[in-house]
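>>> Prediction below, plus the sequence it came from.
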Amino acid sequence: MIDHEYSDGKLTICLRGEIDHASAPKYRISTDNLIKKGGYDSFVFDLSGITFMDSTAVGLIMGRYKLLKALGVPVYFYNPSKVADKVLKVSGLYTIINKI
Amino acid sequence: MDILKVKVNSINANESFLRSTIGAYCARKNPSIETISDIKTAISEAVTNAIVHGYSNDSTGVIEIDAKIIDDVLFVNVIDYGKGIENVEVAMQDFFTTKGDEERSGLGFTIMSSFMDSIEVVSDPGEGTSVMMSKKLN
């Protein structure tokens, strides 16, 4: 399970720790279960607790972004850690997902 | 002479093991936290490529890392003996992936190139792939 919070129609999911090819499936399953549940009109990835991520995490976020976009739900990043920020910048994800 | 050689099987758990090992190896030169983090990210990308693409997730494959530090510069070579890359130039383009249906971003080489000072990829279809990278440690 991953920490999450509903507040004023906003679902915030806290991704913590190391996201790589080995760990991505558990993050994907937990996140998708919450996406399927509904009950929100905007979606936030809280990345403050990321201690490592690589391009597998970029693929994971892109996949969730596409699902949410198809549902008409806007997606945002909140407080990316330094290591997350650098990978997000290089990958160009900030051009499609804004920070709040 | 300051070399490191590691040889492991192509299992997912070795992604974090290998990046942490190379990170720890570089620590003797007191690099910044950011430099260590960049190196760990690049190693993770190369090792993941070997597992996912080189060996198509077959855990019997072998991944070797040859590293050396010369004059405060890390030279690291990530080698697999898997299926190789048909066209390295195309594979290194941003967003290129042969596994789009598995949510691969196609940014592995982009990240390796951005986070390291140099990268050279040599691959022979059917023989394997070697990713040579370097980065100044301080």
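Thanks, I have it.
>>> Which positions in the strand or helix carrying B:Ala24 come out as buried?
B:Ala24 belongs to helix B:13-26 when assigned by DSSP states H and E. By 16 or more other CB atoms under 10 Å in any protein chain shown, the buried positions in helix B:13-26 come out as B:14-16, B:18-23, B:25-26. From N, CA and C alone the C-beta is placed, and that goes for glycine too.
>>> How about stretch A:75-89?
Buried residues in stretch A:75-89 (16+ other CB under 10 Å): A:75, A:77, A:79-81, A:83-88.
>>> Return the subset of those residues lying in helices.
Counted as lying in helices by DSSP state H, out of the buried residues of stretch A:75-89, are A:83-88.
>>> Beyond the lowest-mean-pLDDT helix or strand in chain B, next helix or strand please.
Ranked by mean pLDDT, DSSP states H and E, the weakest helix or strand in chain B is helix B:88-91, scoring a mean of 89. Remark: after helix B:88-91, the chain's next helix or strand is helix B:108-115, criterion DSSP H and E.
>>> Who are the packing partners of the longest strand belonging to chain A?
Using DSSP state E to define each element, chain A has its longest strand at strand A:42-53. For strand A:42-53, the packing partners by 3 or more CB pairs under 8 Å, 6 or more residues apart in numbering or on different chains; DSSP states H and E come out as strand A:10-19, helix A:55-70, strand A:75-78, helix A:82-91, helix B:33-49.
>>> if we compare the ones you listed, which one ends up closest to B:Asp117?
B:Asp117 sits nearest to helix B:33-49 of all the helices and strands packed on strand A:42-53, at 9.6 Å, using CB to CB.
>>> tell me which residues of the next helix or strand after that closest one are tucked away?
Downstream of helix B:33-49, the next assigned helix or strand under DSSP H and E is strand B:62-70. Neighbour-count burial for strand B:62-70 flags B:62-69 (criterion: 16+ other CB under 10 Å).
>>> Determine which two of those are furthest apart.
So, the buried residues of strand B:62-70 by CB to CB: farthest apart are B:Val62 and B:Ile69, at 23.8 Å.
>>> Which residues does the closest residue to A:Ser23 other than its chain neighbours form beta bridges with?
Closest residue to A:Ser23 apart from its sequence neighbours, by CB to CB, 6 or more residues apart in numbering or on different chains: A:Gly17 at 7.3 Å. Legend: beta-bridge partners of A:Gly17 under DSSP bridges are A:Ile50.
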